[in-house]
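Enquirer: What would the 3D arrangement of this be:
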Amino acid sequence: MFCAQCGTECPPEYKFCKGCGVALPQSSSHPQGLPPAAPVPQAIYVGAPQAMYYATPQAAAHAQAVNAQNLLKNLRGRLQAIASTEDLQGFSLTEMFSEVFKHRSPAELEDYLLVGTSKTTPPIDVVETGWPKPWLFFRVLAFLVVVFIGFTFTLIHFTSLYHIPAILMIGAFAVPMATLTFFFEMNTPRNVSVQRLITLLLSGAVVSLLFAMIGYSLPFLGSQNASLLAAGAVEECAKLATVVVVIRAVRYKYILNGLLFGATVGAGFAAFETAGYAMIGPEQSASFLNGVLAGLNQAQPTFGSIALSGASMMIGELKSRAIDAPFTHIAWTAIAAAALWRVKKDQKFSFAMLTDRRFLKAFMIPIVLHTIWDFPFYQLPYHGNEILCGFIAWYVIFGLIQQGLHQVQDEQRTHLQATLNHVEASLQGATPSAAVS
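Expert: Sure, this is the predicted structure:
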């Protein structure tokens, strides 16, 4: 059956066109002894064919649902084509986070973190290849939030300005560290140590911020508008270059490794950038530092209140950027690095890898998302830009995680086949000796 409005082919049992939502004509034949079905609500066209009015609210709601479903399906298809990923299989957020509140002993926590060394990296044939069930990230987040609240309470109720630096650093690092822990748990090969991540977090933050400053100093980015529009390209290139410079070991060959390294550099970049914004403020009037400087010029009794007012602005900035943290730099750099590692695998890095089509298409995703996030000229209502960018970023991330899990599965099959071949060769070599004896 074909729709008379748009020509889309639809199964006979469909009552509405899956392409445009218009009601389809139904067959008049009915089984004997049964009354005919109620008439299907028909669409009424007024004026141009695009102006469509439905006879009942139910028909209009159904058409809107079909259109939304088709739009979402098309968006998924385009994202998969650009990122070179596939439909998520066996994926469930409920199942993934099912062990978040499960009781864990301190010894179990210590063992969970002792990975990535030559003695604690598990053999490839025992690595889990199903969807991981992370739980540690939530404990990290809860612990740091409690510490942040404790310092904030002390500041507000006792005007203890000595705790302001602690609030600044804990507030800047809480969500990035929790998000980084999530990616650490997603790295099922368990071949990256905590020490390696801490080193990459700090050194990667310094190098990436330095690269970004060099990028912004280019002559053609002299104006504020040019710098704002180029922020996505400049910062994403700087962070990806940092991953390449800092991580050179060939043994980190998995897509999940690249995802983790990108998230680590992104977390360091995001945390220190947040600390800078909270300290200086996007606007001079909302600056904690200006509040302190103003207080120094006032009488001593008023210094505390002025500095406290500046600190409250700092805390507000920290909270706002903490909400955004999982959907911005961490996610964007994770996508870029995973796309590069998908090409790199167990080879040494070469600049030719940056020209691979699969990498280039996927690398454009974080650049475009970053640009949309910062775009000042058009903002969707209700934080629509942020919600759309966050949804796209994490859909791509989960697609890359699935691809990384498949990569581990393929290596397990290869390892198993090599083991079987070795055993067969050994048995065949031992057969003549056994016969002689």
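Enquirer: Poorly predicted segments of the stretch 151-300 of the chain, please.
Expert: Counting by pLDDT under 70, the ranges of the stretch 151-300 of the chain that qualify are 222-228, 281-300.
Enquirer: quick one, helices of it?
Expert: Secondary structure of the stretch 151-300 of the chain (DSSP state H, counting those that start in this stretch): helices at 164-186, 194-216, 224-229, 231-246, 255-280, 288-296, 300-324.
Enquirer: Quick one: closest of these to I401.
Expert: Of all those, helix 164-186 sits nearest to I401, with 5.7 Å by CB to CB. Using the backbone N, CA and C atoms, a C-beta is placed for each residue, glycine as well.
Enquirer: Can you give the distance from that closest one to the centre of its chain?
Expert: Mean C-alpha position of helix 164-186 versus that of the full chain (CA atoms, centre = their mean, to the nearest Å) differs by 15 Å.
Enquirer: In that helix, which residues are buried?
Expert: By 16 or more other CB atoms under 10 Å, the buried positions in helix 164-186 come out as 164, 166-186.
Enquirer: Could you do stretch 81-98 as well?
Expert: Buried-residue list, stretch 81-98, by 16+ other CB under 10 Å: I82, A83, S84, T85.
Enquirer: Let's have those residues in CSV, adding distance to P123 and secondary structure.
Expert: CSV is the format used below for the buried residues of stretch 81-98 (distance: CB to CB, whole Å; DSSP: H, G, I helix; E, B strand; the rest coil):
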residue, distance to P123, secondary structure
I82, 35, helix
A83, 30, helix
S84, 29, coil
T85, 28, coil
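Enquirer: Among these, which one lies nearest to L200?
Expert: Taking CB to CB as the measure, L200 sits nearest to A83 out of these, at 23.9 Å.
Enquirer: pretty sure that closest one is touching L400, no?
Expert: Yes. Contact criterion CB atoms under 8 Å: A83 and L400 qualify, at 7.1 Å.
Enquirer: Overlap in contacts, the two.
Expert: Common contacts of A83 and L400 (CB atoms under 8 Å, 6 or more residues apart in numbering): I335, A339.
Enquirer: which of the buried residues of stretch 81-98 lies closest to P132?
Expert: Nearest to P132 among the buried residues of stretch 81-98: T85, at 17.2 Å, using CB to CB.
Enquirer: Please tell me how far the closest residue to that closest one other than its chain neighbours sits from V192.
Expert: Excluding its sequence neighbours, the residue lying closest to T85 (CB to CB, 6 or more residues apart in numbering) is G399, at 3.1 Å. The gap separating G399 from V192 is 21 Å, by CB to CB, to the nearest Å.
Enquirer: next one: C389
Expert: Taken as CB to CB, the span from C389 to V192 is 27 Å.
Enquirer: Could you do L144 as well?
Expert: Counting by CB to CB, the gap from L144 to V192 is 21 Å.
Enquirer: Quickly list the domain ranges of this structure.
Expert: Domain assignment for the chain by automatic domain parsing gives 1-22+63-83, 104-416.
Enquirer: Save the ones you listed as TSV, and put in distance to G429 too.
Expert: TSV is the format used below for these (distance: least, CB to CB, whole Å):
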stretch	distance to G429
domain 1-22+63-83	47
domain 104-416	20
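Enquirer: just the ones you listed: most buried one?
Expert: domain 104-416 (a mean of 18; mean count of other CB atoms under 10 Å).
Enquirer: what's the span of that one from first residue to last?
Expert: 33 Å (CA to CA, to the nearest Å).
Enquirer: re the thing from before, Validate this expectation: the residue nearest to T85 resides in a helix.
Expert: Yes. Assessed by DSSP: H, G, I helix; E, B strand; the rest coil, G399 belongs to a helix.
Enquirer: Perfect, I'm done here.
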